[in-house]
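Peer 1: sequence and predicted model, in that order:
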Amino acid sequence: MLKQLLIILICGLFTCTLIAQKDSTQIKYDDGKLHLKQISKEDLQVYKEDPKFDYEILKADLTWWENFKTWMGNLLSQFFEWLFGVEKASGYLFFFLRILPYILIGILLFLLIKFFLNVNSRALLYSKENENLVSLSEDEHIIKNEDINQLIQKALEENNYRLAIRYYYLLILKQMSEKELIDWQMQKTNDDYINELGEEELKRPFSHITKLYDYIWYGDFPIDEAKYLKAESKFSSLQKTLDVNA
């Protein structure tokens, strides 16, 4: 009896579950009335003027530099396609040949920038060298025709110690040329004269005063009386050495 009641109870629960599942799958239709919303032209105009709803894609005009890069890239690409057959290449070779035009453009720009920087630096250096007093074209005239000792004295009287060092160096060159220790020529450099000196006793001090001269004259180094006297002692010492070797 108990077993029968249990079977009936299970069957009842199973039947209710099936009925519930069946009812849950029924489609419910919306029988509400539809109300059409009228949209006026004024309503649409509000959205048209709102930039948030502007989906138009604007193409910016290319600059002259971008046009130049594109033109140069296409030109080089066509050249290398003709030269190497890029279209037939693959892998790393294809990638390298594709970027090669841009690498060449970068190298060209680097060289141009470096060239103009060098030109400007040279112009600046030459302007500093020529802003004072004695130009390189006057060296020969001073050495052959002027009393350099008087020029030194005049520069000292005017407290122009930098110019006095300039004249002092020309005086040393004149003395070495007269003693035939060097062959003075206007187109020669100071390093040429250092190499012409055979004796180390002369080469070492002359090399030292040459560095002083370059630093003070060409380096535009400010020099006062105390610094001049210190430099002048080096020139005077070399003069004494030249007198001994006369």
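Peer 2: Yes, it's here.
Peer 1: domain parsing for this protein?
Peer 2: Following automatic domain parsing, one gets these domains for the chain: 64-128, 136-244.
Peer 1: average pLDDT for the first one?
Peer 2: This means domain 64-128. The pLDDT scores in domain 64-128 average 68.
Peer 1: what do you get for the longest one?
Peer 2: If you average the pLDDT over domain 136-244, you get 87.
Peer 1: on that earlier part again, quick one: the domains of the chain as TSV, columns for distance to Val46 and mean neighbour count too.
Peer 2: (Each C-beta comes from the backbone N, C-alpha and C, glycine too.) Putting the domains of the chain into TSV (distance: least, Cβ to Cβ, whole Å; neighbours: other Cβ atoms under 10 Å) gives the following:
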stretch	distance to Val46	mean neighbour count
domain 64-128	38	12
domain 136-244	72	15
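Peer 1: the protein: helices as residue ranges?
Peer 2: 2-24, 41-49, 64-84, 91-130, 139-145, 148-157, 161-178, 190-196, 200-213, 225-244 (DSSP state H).
Peer 1: which residues does Asp214 contact?
Peer 2: Asn190 (Cβ atoms under 8 Å, 6 or more residues apart in numbering).
Peer 1: any idea how far it is from Leu104?
Peer 2: 40 Å (Cβ to Cβ, to the nearest Å).
Peer 1: got the contact list for Glu140?
Peer 2: Residues near Glu140 by Cβ under 8 Å, 6+ apart: Met186.
Peer 1: go with 10 Å
Peer 2: Counting by Cβ atoms under 10 Å, 6 or more residues apart in numbering, Glu140 touches Trp184, Gln185, Met186.
Peer 1: check Tyr161 too.
Peer 2: Taking Cβ under 10 Å, 6+ apart, we find Tyr161 in contact with Ala155, Ile216, Pro222, Ile223, Asp224, Glu225, Ala226, Lys227, Tyr228, Leu229, Ala231, Glu232.
Peer 1: right, and the fifth one touches Asn159 too?
Peer 2: If I follow you right, that is Asp224. Yes. Here Asp224 reaches Asn159: they are 8.7 Å apart, a contact under Cβ atoms under 10 Å.
Peer 1: is it possible to get a markdown table of the domains of the chain that adds distance to Asp54?
Peer 2: Output for the domains of the chain, formatted as a markdown table (distance: least, Cβ to Cβ, whole Å):
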| stretch | distance to Asp54 |
| --- | --- |
| domain 64-128 | 25 |
| domain 136-244 | 62 |
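Peer 1: right, and those domains - which one's nearest Gly32?
Peer 2: Nearest to Gly32 among these is domain 64-128; the distance by Cβ to Cβ comes to 59.5 Å.
Peer 1: and of the contacts of Glu140, the nearest to Glu200?
Peer 2: For the contacts of Glu140, the nearest to Glu200 is Trp184 (20.8 Å; Cβ to Cβ).
Peer 1: how near is that closest one to Asp192?
Peer 2: Using Cβ to Cβ, we find Trp184 at a distance of 10 Å from Asp192.
Peer 1: Ile148 too?
Peer 2: 21 Å.
Peer 1: and for Thr241?
Peer 2: For Thr241 relative to Asp192 (Cβ to Cβ), the value is 20 Å.
Peer 1: now swap in Ile152 and tell me
Peer 2: Taken as Cβ to Cβ, the span from Ile152 to Asp192 is 24 Å.
Peer 1: cool, and Tyr215?
Peer 2: Taken as Cβ to Cβ, the span from Tyr215 to Asp192 is 19 Å.
Peer 1: can you check Lys52 too?
Peer 2: 78 Å.
Peer 1: equivalent analysis for Phe235, please.
Peer 2: Taken as Cβ to Cβ, the span from Phe235 to Asp192 is 20 Å.
Peer 1: ok, Leu156 next?
Peer 2: Leu156 is 29 Å from Asp192, by Cβ to Cβ.
Peer 1: and Glu49, by the same measure?
Peer 2: Taking Cβ to Cβ as the measure, Glu49 falls 81 Å from Asp192.
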